[in-house]
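1. Predicted model follows, preceded by the sequence.
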Amino acid sequence: MTETQILEQRTFPRLALSGAAHVQASVVGLGCWQLGADWGEVDEDEALGVLNAAVDTGVTFLDTPDVYGDGRSEALIGRFLRERRDAGITTATKMGRRVDQVPENYNRKNFLAWNDRSRANLGVDTIDLVQLHCPPTPVYSRDEVYDALDEMVIAPQRAEATINAPQMRPSTRIGAPPPDCRPSDRTRSAVGPAAST
């Protein structure tokens, strides 16, 4: 660690194998819900101050979803990323809370649209980590959900995809879900290099 980098940085092999732009991240990240200002006023200068303070102490992992402030949190992180290009930030976002919480809304068309919006908000071509944001339980047993997320991981705009839910390990890769989460027994590659489509 450098003098200004207080937090330990770790390499995450699954991000490296998936083709993510950033494969190292701090062992402590910053959840950026507060930047959306859904729970109180947070002006842009304050939000950027939070991001700068975190990164100045060694945080290199920023986590937000697309719903905080209807994309405001992502947009502020995007502005920050443009201002601190040299900071080596790994960025994660979540998707799925912008619609009625029914399994049918968790589909390829929505995944692509949500991620395109997040990429625009963040100002990036590729998102390092994309997560489903606490989807309805039946989503875990739908092969088409995993197929769509697998496709997104292979696409150049998405480096890694996971499901973010209390009943699953936070870093469960869609390509290798726990066996009790899939209705089929198909074998899939757990990780692989990102490929163009």
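-> In hand now; what should we look at? Remember, predicted model here, so these are calculated numbers, not experimental data.

2. which residues in the chain form helices?
-> 13-18, 44-56, 72-83, 108-122, 143-154 (DSSP state H).

3. Quickly, which of those helices bottoms out on average pLDDT?
-> Lowest mean pLDDT of these: helix 13-18, a mean of 68.

4. could you dump the helices of the chain to CSV with distance to residue 95 and mean neighbour count?
-> (Each C-beta comes from the backbone N, C-alpha and C, glycine too.) Listed next are the helices of the chain as CSV, based on distance: least, C-beta to C-beta, whole Å; neighbours: other C-beta atoms under 10 Å:
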stretch, distance to residue 95, mean neighbour count
helix 13-18, 17, 18
helix 44-56, 21, 16
helix 72-83, 11, 21
helix 108-122, 4, 18
helix 143-154, 10, 18
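
5. Which one, of these, ends up nearest to residue 30?
-> With C-beta to C-beta as the criterion, residue 30 lies closest to helix 44-56 of the helices of the chain, at 4.5 Å.

6. Check the offset of the closest one from the chain's centre.
-> Centroid separation for helix 44-56 versus its chain: 20 Å, with C-alpha atoms, centre = their mean, to the nearest Å.

7. ditto for stretch 83-96
-> With C-alpha atoms, centre = their mean as the basis, the mean position of stretch 83-96 lies at 9 Å from the chain mean.

8. Pull out the buried residues from it.
-> 87-96 (16 or more other C-beta atoms under 10 Å).

9. can I get the residues you listed in TSV with distance to residue 79?
-> Converted to TSV, the buried residues of stretch 83-96 look like this (distance: C-beta to C-beta, whole Å):
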residue	distance to residue 79
87	13
88	17
89	12
90	17
91	13
92	17
93	15
94	19
95	20
96	24
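
10. Among those residues, which are located in strands?
-> 90-95 (DSSP state E).

11. still on that earlier bit, a markdown table for the helices of the chain, including distance to residue 66?
-> Supplementary listing: those in a markdown table, determined by distance: least, C-beta to C-beta, whole Å:
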| stretch | distance to residue 66 |
| --- | --- |
| helix 13-18 | 20 |
| helix 44-56 | 16 |
| helix 72-83 | 6 |
| helix 108-122 | 5 |
| helix 143-154 | 14 |
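
12. how about those helices, which one is nearest residue 7?
-> Short answer: helix 44-56, nearest of the helices of the chain by C-beta to C-beta, at 9.4 Å.

13. between that closest one and helix 72-83, how big is the angle?
-> With axes from the mean of the first three to the mean of the last three C-alpha atoms, to 10 degrees defining the directions, helix 44-56 sits at 60 degrees from helix 72-83.

14. pull the CA atoms of helix 44-56 into CSV?
-> Taking C-alpha atoms only, helix 44-56 is exported to CSV below (Å, rounded to 0.1, in the frame of the first residue of the first chain):
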residue,chain,number,x,y,z
GLU,A,44,-23.4,17.6,-5.8
ASP,A,45,-20.5,19.2,-4.0
GLU,A,46,-21.2,17.1,-0.9
ALA,A,47,-21.6,14.0,-3.0
LEU,A,48,-18.3,14.5,-4.8
GLY,A,49,-16.7,15.3,-1.4
VAL,A,50,-17.9,11.9,-0.1
LEU,A,51,-16.4,10.1,-3.2
ASN,A,52,-13.1,12.0,-3.0
ALA,A,53,-12.7,11.4,0.7
ALA,A,54,-13.4,7.7,0.3
VAL,A,55,-10.9,7.3,-2.6
ASP,A,56,-8.3,9.5,-0.9
